[in-house]
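[1] Can you look at this prediction? I've put the sequence above it.
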Amino acid sequence: MTDDPVTAQRLRRALPLFAALASFLLVVAVMAALYFGREILVPVTLAILLSFVLVPAVRALRRIGLPRIPAVMLVVTVAFGALVGVGVLIANEGAQLASDLPRYQITMREKISSLRGATESQGTLSRFIDMVQDLGAELQPDKTAGEAKNGEKPLTVEIRQPKAGLIETLGTFAAPVLHPLATTGLILIFTIFILLQREDLRNRMIRLAGSGDLRRTTAAIDDAVSRLSRFFLAQLALNVAFGVVIGAGLWLIGVPSPTLFGVLAAILRFVPYIGGAISALLPLVLAAAVDPGWSMVIATAALFLVVEPICGHVIEPLLYGHSTGLSPVAVILAATIWTYLWGPIGLVLATPLTVCLVVLGRHVERLWYLDVLLGDQPALEPAAIFYQRMLAGDPAEAIDQGREFLRERALVTYYDEVALAGLLLAQDDLSRGSLDRTRQDEVGSAIRTVVDRLGAVPVARRTRRGSSRSGSSETAAAVAAAGPDRQAAGILLRPEDLAPRWRTETPVLCVSSRGPFDEAATLMLSQILGRHGLASEVISMSALREGERPRGRSFALICFSYLEPVSLSQIRFTVRQARAAVPGVRILVGFWRERDPATLERLRRATSADILVTSLNDALAASIEEARGPVAPASAGRAAGSSAFAPEPAAASLA
């Protein structure tokens, strides 16, 4: 490091650029290594993935007393025997299909001719085909013109290769055979040694991941291995079943070589999203070539259109969840990159390899960014997404998020877990001075839009029994959705359920502390109370100080809302003013930031509040309990009626 402060400052400013450049070079180096080392890396990768599939079988044999080496050799022999059998089957069926193809040429020509004849009345397809043929003829060099120009016939030159020797001939014929055999041999050797040395490889992974906390690292790696094994086994079983169903269906339809197409369908379904569509192309073409009509083509298309959605949208979620844990963009990107690096085998391995990367990102702290980039979990918490949309002035996404939330949970819970948490993030930025006055107003306006729109969303209703002074009665409806919400979220009070003092037009007054964010929290509280049968009026402390008066004539409960509480002495002074303005009123103070239950009672005593809450769910429950409370004494009732909150002296006293 240099002692020059100017140079040091420049270096600090350039450090992020150097870090980004280093990361870019690292990515380029890794991709280059994957590309140029694919001859070795592809067999190793296939062996690792195959070991995930074979580990449960090896464990099962070990449990019945078979030693490790015989168990591994038996499992590997059976697995590779099955793979060789599938390869031989594909080769035989492919050869048989190739020998039968010339018989189908006449049918294809007749269908093409019939299609062209069917469109001659309109001429669209016919003119298009003729145009392509004419353009092709124009692009071809004119040999006759060249002959006429030179006045002589062109000289024909024939190039003949020298006769190859014995070694070159053997190399020409042996190379296509030796390369697959060598790759298969490498996969076989690596698979055997990975299964035999599984514990040693696990220990080395623990050392690389970090041996400071052996318990946590071991649990993470074991969980990752078990998850990957279950995923690959489930995917293998599902794809094999898909191939069996497709092969049986094609056999019933009458498409030639149904076994070949069934095997190809099982293999191609490892390719995400497009694998099923690719596996349907060849059977459709062959069905069109075999059948003079179109019934076989329609039946083949219907087979794939029925079986693929059932496998993808019904069986897959039951086997290994609703998705592979990857975002759709990550799947497409991974398929593109791995295909470029490793060719067709990379396309097949794209999803399994990316799943491995995501699992590593979730369990290895140093690789957390892999889960963020490739996983399907939201990159931001719901509260952060809510606040970010408010900053962008686009509340539509937050409204959609809220509606999705309301399908399973109550609105009050959404406000608590998402909206209030987003408001606290906004309040933090406001406290740091990151939000100017214009941006504060924009964010506050966007939040009010969300509250207004979500307040009008109908939610699931169910009846519930509520108690009142006149006895138990069936409530008209309960404003709540299914889900683990508080009991109060499912109660809708009717006038007869309320204590006498609460049977006014607006029994609750909600007072916001300061700023647009406190106002938004107060609007949420007022809306929640109104949806559950407790009408309320909203006013701000600043409006009271400026002389504005509440419209209500009598209040049973006054709620003060604080996102960023001022001093406790000031809150206590405000509470005392409210009690002096409305004798007998109950005071509820909401500290929406405080979450420590141990301090609630101390804060309640310090503020002289009757009720102190930290969430809208708690505020709703407390308000409902107060509204159902015992009937106030006659003197208290008279005092509430004679000292209404509307007169200016009382309002001025509170302000």
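    Yep, that arrived.
[2] Could you list every helix and strand in contact with the strand or helix carrying residue 87?
    For residue 87, the enclosing helix or strand under DSSP states H and E is helix 68-100. Packing partners of helix 68-100 (3 or more C-beta pairs under 8 Å, 6 or more residues apart in numbering; DSSP states H and E): helix 38-63, helix 166-196, helix 258-268. Glycine gets a C-beta too; all of them are placed from N, C-alpha and C.
[3] now the angle between helix 68-100 and the last one, please.
    Regarding helix 258-268 and helix 68-100, their directions subtend 130 degrees when assessed with axes from the mean of the first three to the mean of the last three C-alpha atoms, to 10 degrees.
[4] mind checking how far residue 32 is from residue 374?
    Computed as C-beta to C-beta, to the nearest Å, the residue 32 to residue 374 distance reads 21 Å.
[5] With residue 503 instead?
    According to C-beta to C-beta, residue 503 and residue 374 sit 58 Å apart.
[6] More neighbours: these two, which one.
    Set side by side, residue 503 and residue 374 show more neighbours around residue 374, with 20 against 13, by other C-beta atoms under 10 Å.
[7] For the residue nearest to the more buried one when sequence neighbours are not counted, give me its contacts.
    Nearest residue to residue 374, sequence neighbours excluded (C-beta to C-beta, 6 or more residues apart in numbering): residue 330, at 4.1 Å. Residues in contact with residue 330 (C-beta atoms under 8 Å, 6 or more residues apart in numbering) are 354, 373, 374, 375, 376.
[8] The stretch 501-650 of the chain: strands as residue ranges?
    For the stretch 501-650 of the chain, the strands defined by DSSP state E, counting those that start in this stretch cover 508-512, 536-540, 557-562, 586-591, 611-613.
[9] export the ones you listed to TSV and tack on mean pLDDT and distance to residue 98?
    As requested, these are arranged in TSV below (pLDDT from 0 to 100; distance: least, C-beta to C-beta, whole Å):
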stretch	mean pLDDT	distance to residue 98
strand 508-512	89	79
strand 536-540	86	79
strand 557-562	88	78
strand 586-591	88	77
strand 611-613	87	77
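[10] Put together TSV for the ones you listed, with mean neighbour count on each row.
    Output for the strands of the stretch 501-650 of the chain, formatted as TSV (neighbours: other C-beta atoms under 10 Å):
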stretch	mean neighbour count
strand 508-512	25
strand 536-540	20
strand 557-562	25
strand 586-591	24
strand 611-613	22
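[11] Output these as JSON lines; include the columns distance to residue 412.
    Shown next, in JSON lines, are the strands of the stretch 501-650 of the chain (distance: least, C-beta to C-beta, whole Å):
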{"stretch": "strand 508-512", "distance to residue 412": "14"}
{"stretch": "strand 536-540", "distance to residue 412": "14"}
{"stretch": "strand 557-562", "distance to residue 412": "14"}
{"stretch": "strand 586-591", "distance to residue 412": "13"}
{"stretch": "strand 611-613", "distance to residue 412": "12"}
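[12] mind listing what's buried in the lengthiest helix in the chain?
    Criterion DSSP state H: the longest helix present in the chain is helix 214-253. Residues 217-218, 220-221, 224-225, 227-229, 231-235, 238-239, 242-243, 245-247, 249-250, 253 are the ones in helix 214-253 that count as buried (16 or more other C-beta atoms under 10 Å).
[13] now swap in stretch 524-542 and tell me
    Neighbour counts over stretch 524-542 (16+ other C-beta under 10 Å) mark 524-529, 531-534, 536-541 as buried.
[14] Stretch 427-438 now?
    Across stretch 427-438, burial judged by 16+ other C-beta under 10 Å covers 427, 429, 430, 435.
[15] show me where the stretch 301-450 of the chain has helices.
    Under the criterion DSSP state H, counting those that start in this stretch, the stretch 301-450 of the chain carries helices at the ranges 316-320, 328-342, 344-363, 368-374, 382-391, 396-406, 411-414, 420-432, 437-455.
[16] Remind me what the longest one packs against, helices and strands.
    Helix 344-363 sits against helix 38-63, helix 214-253, helix 328-342, helix 368-374, with contacts defined as 3+ C-beta pairs under 8 Å, 6+ apart.
[17] List the buried residues for it?
    Result for helix 344-363 [16+ other C-beta under 10 Å]: buried residues 345-363.
[18] Look up how far residue 355 lies from the spatially most central residue of the chain.
    For the chain, the residue sitting closest to the mean C-alpha position, by C-alpha atoms, centre = their mean, is residue 376 at 3.6 Å. Distance of residue 376 to residue 355, computed by C-beta to C-beta: 11 Å.
[19] again, but for residue 52
    Using C-beta to C-beta, one gets 10 Å for the distance from residue 52 to residue 355.
[20] any common contacting residues for these two?
    Shared contacts of residue 52 and residue 355, defined by C-beta under 8 Å, 6+ apart, comprise residue 228.
[21] got the contact list for residue 590?
    By C-beta under 8 Å, 6+ apart, the residues touching residue 590 are 521, 525, 559, 560, 561, 562, 612, 613, 614, 616, 619.
[22] swap the cut-off to 6 Å and go again
    By C-beta atoms under 6 Å, 6 or more residues apart in numbering, residue 590 lies in contact with 561, 613, 619.
[23] so how far is residue 262 from it?
    64 Å.
[24] swap in residue 279?
    Using C-beta to C-beta, residue 279 is found at 9 Å from residue 262.
[25] got it, and residue 561?
    According to C-beta to C-beta, residue 561 stands 65 Å off from residue 262.
[26] try residue 269
    Using C-beta to C-beta, residue 269 is found at 11 Å from residue 262.
[27] Burial check on the residue lying closest to residue 194 once chain neighbours are set aside, number of neighbours?
    Residue nearest to residue 194 in three dimensions, not counting chain neighbours: residue 51, with 4.4 Å by C-beta to C-beta, 6+ apart. Residue 51 has 24 neighbours, counted by other C-beta under 10 Å.
[28] Is residue 51 in contact with residue 193, as I believe?
    No: counting by C-beta atoms under 6 Å, residue 51 stays clear of residue 193, with 9.5 Å between them.
[29] what's around residue 576, how many residues?
    Neighbour tally, residue 576, other C-beta under 10 Å: 15.
[30] Can you give me the end-to-end span of stretch 284-303?
    Distance across stretch 284-303, first residue to last, is 11 Å (C-alpha to C-alpha, to the nearest Å).
[31] Would you mark the buried spots in it?
    Under the neighbour-count criterion of 16+ other C-beta under 10 Å, stretch 284-303 has 284, 286, 287, 288, 289, 290, 291, 296, 297, 299, 300, 303 buried.
[32] among these, which are in helices?
    284, 286, 287, 288, 289, 290, 296, 297, 299, 300, 303.
[33] pLDDT (mean, whole number) over stretch 184-202?
    On average, the pLDDT along stretch 184-202 is 84.
[34] Show me which residues of that stretch are buried.
    Within stretch 184-202, the residues that count as buried by 16+ other C-beta under 10 Å are 184, 186, 187, 188, 190, 191, 192, 194, 195, 196, 198.
[35] Kindly provide the distance from the last one to residue 235.
    This means residue 198. Separation of residue 198 from residue 235 (C-beta to C-beta) stands at 21 Å.
[36] What degree of burial does residue 94 show, as a neighbour count?
    By the criterion of other C-beta under 10 Å, residue 94 has 13 neighbours.
[37] From here on, call the first residue 726.
    I'll keep to 726 as the first residue from here, and by that count the last item is residue 819.
[38] Need the pLDDT of it.
    pLDDT recorded at residue 819 is 81.
[39] Residue 1025 now?
    pLDDT for residue 1025: 91.
[40] How about the contacts made by it?
    Residue 1025 is in contact with 978, 1008, 1009, 1012, counting by C-beta under 6 Å, 6+ apart.
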